[in-house]
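K.L.:
Starting from these lines, generate the structure:
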Amino acid sequence: MKYNAGKYDIAVIGAGHAGCEAALAAARMGMKTLLFSISLEAVANMPCNPHIGGSSKGHLVREIDCLGGEMGKNIDKTYTQLRMLNTSKGPAVYSLRAQADRKAYQAEMKHTLEKQKNLFLKQAEIVDITVENGKVKSLETNIGAIYEVDSIIVATGTYLKGKIFIGETSFESGPDGVFPANKLSEALKREGVELVRFKTGTPARINKNSIDFSKMEIQEGDRNPEAFSFEDKIDPNVEQLPCYLTYTNEKTHEIIRKNLHRSPLYGGEIVGTGPRYCPSIEDKVVRFADKERHQIFVEPIGRNTDEMYIQGMSSSLPEDVQIAMYRTLPGMKNAEFTRPAYAIEYDCIIPSDLKLSLEYKKIEGLFFAGQTNGTSGYEEAACQGLIAGINASLKLKGKEPLILDRSQAYIGVLIDDIVTKGTNEPYRMMTSRAEYRLLLRQDNADMRLLEIGHEVGLVPDKRYEKFLNKKRAIEEEIKRVRNKTIRPTKEVNEYLEKNNSSPLTTGVKLADLVKRSELTYESLATIDEDRPILDEQVQKEVGIELKYEGYIKLQAEQVEKFKKLEEKKLPQDINYEDIKGLRLEARQKLNKIRPNSVGQASRISGVSPADISVLLIYLETLKK
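P.N.:
Numbering: from 1, shown residues only. Okay, the predicted model is just below:
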């Protein structure tokens, strides 16, 4: 029996990292919001790596925080280790990474959802959606409840027709033994949504007591760790759990090579495309046959469990083969499995069928976010969920969508990449994908995005006022340092010589000393008598802005050129078939993607510079 379960503004299908952010954003923007999970025990689950952040992903978490999202705050409460990566390089690629207490992270996020006004968390499988006149109308659960909604956000992760592979064994399942979502795929197909199969995987978990850590390299957290959220402060006295590093060897590789015929990846059972930048161990051994060893990280899953996650050993080989190869690793001679590694195949959409707002082009009010869009990673999912939640809410309020461009945020780079270029494999964010990464640093995410978070209503006034004070302090201190002259006194030159820096013969501006490679803004406090007492975040921002001033100015000029093409908007009712001079491939691609601007059109694969010239001429003709 079916029954009417009520009317809501927005329904979010899936309570993974994308779904949690989408639902919280919508509810906080005043929308009556439903959030569905097949199991409430799987809310904000980490079925793969038990960590948040890392290279480029740390940037995404900071940006989520500055737009009013929850991921950064949640990991700040539930981390087991914090570590800043890439510190030997420039600040553009510094990336914060946290080991998570997996269960604590889940529990904290679930409680945050439960406490949120306007948000209704429910356990159910969504089996159908109804679309009328090209617009979302309702959805149906597996037990016959029909909810009328104005907007739906699909954030099903790897659950959509999920199928697990362990050697010759395969079965329908979501991650961690949770039921898959088998019926929603057919409903989406019925409404014209094209689906493809992708694949990902996860390594085995090992009982800590069966590991000999003395044969591994220990990796500790930072002594004075930073928080992900700009609002949080980390207590340096909180105990951090160590991680460990070990390596595969020729014995490991030999076992893998001898058993490739038992791998569903090589036997043809898995048809989905896997992630290029996070391959299985058997894939690494085949693709990088010249490498004698591969790094393997042993990471704690939480404070109240002895399970350890073996990062780098993702596999779909049979369990007996897995056990044999794991036991060849230094320190794992007696390793005992608690859970075997597995591959999982699932349905996802073609992201080029979306608008930059993450709304499906052909169905009004239907949004997609996370791994359903062909991406990989908790952080990539969470930022899409946040944007989908914001834009679904803005649409119902009759406002323009929030679209971040490539010069504003890593989030803008990610969404522009998958929508404009599409992806034929699980997409992973990397710093190299961002052209303007010197401007898109994790330390200045608030300078770039917090005002936007306040404008959409997700950053409260109190936090915004605090941010304005910080911004003012940075501007005033940069102005002071640029104007302050340092005289060649005995004390000054002794300090400079002590730091292997050339002594002064005449007065110089303090800002010029900051730019010397061997000096820093922080270290120059010794000879900067007038320096005011400043917050650590302010000092860091001042130092970076002054040290890299020339490079930042150059990149800002590049952004200005980029924005000129972004500002040339393309009408959405253009029939590109009618524009003479466009090549056939360009017309086909432009009609499919329907770019918002000439800038976006220039990034479409198959659209040449000559085609862009034709578009610019066409726009001038329209103006006349």
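K.L.:
Report back the residue of this protein that's furthest from centre.
P.N.:
Lys490 (51.0 Å; C-alpha atoms, centre = their mean).
K.L.:
mind listing the strands for the stretch 401-550 of the chain?
P.N.:
With DSSP state E, counting those that start in this stretch as the criterion, the stretch 401-550 of the chain has strands at 485-486, 508-509.
K.L.:
Actually, the stretch 201-350 of the chain.
P.N.:
205-207, 217-219, 243-247, 295-300, 307-311, 337-339, 342-349.
K.L.:
How about the third one, which residues are buried there?
P.N.:
So the one you mean is strand 243-247. Of the residues in strand 243-247, Cys243, Tyr244, Leu245, Thr246 count as buried by neighbour count, 16 or more other C-beta atoms under 10 Å. Quick note: C-beta positions are derived from backbone N, CA and C, even for glycine.
K.L.:
List the beta-bridge partners for the third one.
P.N.:
What it means is Leu245. Glu217, Phe297 (DSSP bridges).
K.L.:
if we can go back for a sec, any chance of the strands of the stretch 201-350 of the chain in TSV with mean pLDDT and distance to Ile593 as columns?
P.N.:
Formatted as TSV, the strands of the stretch 201-350 of the chain follow (pLDDT from 0 to 100; distance: least, C-beta to C-beta, whole Å):
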stretch	mean pLDDT	distance to Ile593
strand 205-207	98	42
strand 217-219	97	43
strand 243-247	98	42
strand 295-300	97	39
strand 307-311	97	36
strand 337-339	97	41
strand 342-349	96	14
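K.L.:
right, so these: which one is the most enclosed?
P.N.:
strand 342-349 (a mean of 24; mean count of other C-beta atoms under 10 Å).
K.L.:
to the chain's geometric centre, what's the distance from that one?
P.N.:
Mean C-alpha position of strand 342-349 versus that of the full chain (C-alpha atoms, centre = their mean, to the nearest Å) differs by 19 Å.
K.L.:
Same question for stretch 83-100.
P.N.:
With C-alpha atoms, centre = their mean, you get 15 Å for stretch 83-100.
K.L.:
ok, which stretches of the stretch 301-450 of the chain are helices?
P.N.:
Under the criterion DSSP state H, counting those that start in this stretch, the stretch 301-450 of the chain contains helices at 319-326, 378-396, 410-416, 445-456.
K.L.:
List the buried residues of the first one.
P.N.:
When neighbours are counted by 16+ other C-beta under 10 Å, the buried residues of helix 319-326 are found to be Glu319, Val321, Gln322, Ile323, Ala324, Met325, Tyr326.
K.L.:
and what of the last one?
P.N.:
Within helix 445-456, the residues that qualify as buried by neighbour count (16+ other C-beta under 10 Å) are Ala445, Asp446, Met447, Arg448, Leu449, Leu450, Ile452, Gly453, His454, Val456.
K.L.:
what's the angle from it to helix 378-396?
P.N.:
On the basis of axes from the mean of the first three to the mean of the last three C-alpha atoms, to 10 degrees, helix 445-456 is oriented at 30 degrees to helix 378-396.
K.L.:
what about helix 445-456, average pLDDT?
P.N.:
Across helix 445-456, the average pLDDT comes to 98.
K.L.:
Figure out how far that helix is from the centre of its chain.
P.N.:
With C-alpha atoms, centre = their mean, you get 18 Å for helix 445-456.
K.L.:
Same check on stretch 243-262?
P.N.:
Per C-alpha atoms, centre = their mean, the centroid offset for stretch 243-262 relative to its chain is 30 Å.
K.L.:
Am I right that Tyr147 sits in a strand?
P.N.:
Yes: the assignment for Tyr147 by DSSP: H, G, I helix; E, B strand; the rest coil puts it in a strand.
K.L.:
sorry, back to before: looking at the buried residues of helix 445-456, which is nearest Glu299?
P.N.:
Ala445 (25.7 Å; C-beta to C-beta).
K.L.:
Confirm for me that the closest one is in contact with Leu60.
P.N.:
No: Ala445 lies out of contact with Leu60 (C-beta atoms under 8 Å); the separation is 9.3 Å.
K.L.:
Run through the neighbouring helices and strands of the least confident helix or strand in the chain by mean pLDDT.
P.N.:
Of all the helices and strands that make up the chain, helix 264-267 has the lowest average by mean pLDDT, DSSP states H and E, namely a mean of 80. With contacts taken as 3 or more C-beta pairs under 8 Å, 6 or more residues apart in numbering; DSSP states H and E, helix 264-267 sits against helix 281-287.
K.L.:
quick one: buried residues of the helix it packs on?
P.N.:
Judged by neighbour count (16+ other C-beta under 10 Å), helix 281-287 contains these buried residues: Ile281, Glu282, Asp283, Lys284, Val285, Val286.
K.L.:
how many neighbours does Asp150 have?
P.N.:
20 (other C-beta atoms under 10 Å).
K.L.:
One more: Glu557?
P.N.:
Count around Glu557 with other C-beta under 10 Å applied: 10.
K.L.:
in which helix or strand would I find it?
P.N.:
In the assignment (DSSP states H and E), Glu557 maps to helix 549-566.
K.L.:
Of all the helix elements in the protein, which one is longest?
P.N.:
helix 461-483 (DSSP state H).
K.L.:
Give me the pLDDT for Leu373.
P.N.:
Actually, residue 373 is Asn rather than Leu. pLDDT at Asn373 comes out at 98.
K.L.:
for the stretch 51-200 of the chain, what spans make up the helices?
P.N.:
Going by DSSP H, counting those that start in this stretch, the stretch 51-200 of the chain shows helices at 57-66, 71-78, 102-115, 184-190.
K.L.:
now, of those, which is deepest in the fold?
P.N.:
helix 57-66 (a mean of 30).
K.L.:
in stretch 215-232, what counts as buried?
P.N.:
For stretch 215-232, burial by neighbour count (16+ other C-beta under 10 Å) applies to Met216, Gly221, Asp222, Pro225, Glu226, Ala227, Phe228, Ser229, Phe230, Glu231.
K.L.:
and what of stretch 412-429?
P.N.:
Residues 412-420, 422-423, 426-429 are the ones in stretch 412-429 that count as buried (16+ other C-beta under 10 Å).
K.L.:
And for stretch 325-332?
P.N.:
Applying 16+ other C-beta under 10 Å to stretch 325-332 flags Met325, Tyr326, Arg327, Thr328, Leu329, Pro330, Gly331, Met332 as buried.
K.L.:
just stretch 566-575 next, same as before
P.N.:
Under the neighbour-count criterion of 16+ other C-beta under 10 Å, stretch 566-575 has Glu566, Lys568, Leu570, Ile574 buried.
K.L.:
Determine which of the strands of the stretch 201-350 of the chain approaches Leu67 most closely.
P.N.:
strand 342-349 (23.5 Å).
K.L.:
elements contacting the closest one?
P.N.:
Packing partners of strand 342-349 (3+ C-beta pairs under 8 Å, 6+ apart): strand 163-166, strand 195-202.
K.L.:
strands paired with it, and their directions?
P.N.:
In the sheet, strand 342-349 lines up with strand 163-166 (antiparallel), strand 195-202 (antiparallel) (DSSP bridges).
K.L.:
Tell me which of these approaches Leu119 most closely.
P.N.:
Taking C-beta to C-beta, strand 195-202 is the member of those nearest to Leu119, at 28.4 Å.
K.L.:
Could you check that closest one and say which residues are buried?
P.N.:
Buried positions in strand 195-202, judged by neighbour count with 16+ other C-beta under 10 Å: Leu195, Phe198, Lys199, Thr200, Gly201, Thr202.
K.L.:
Done for today, thanks.
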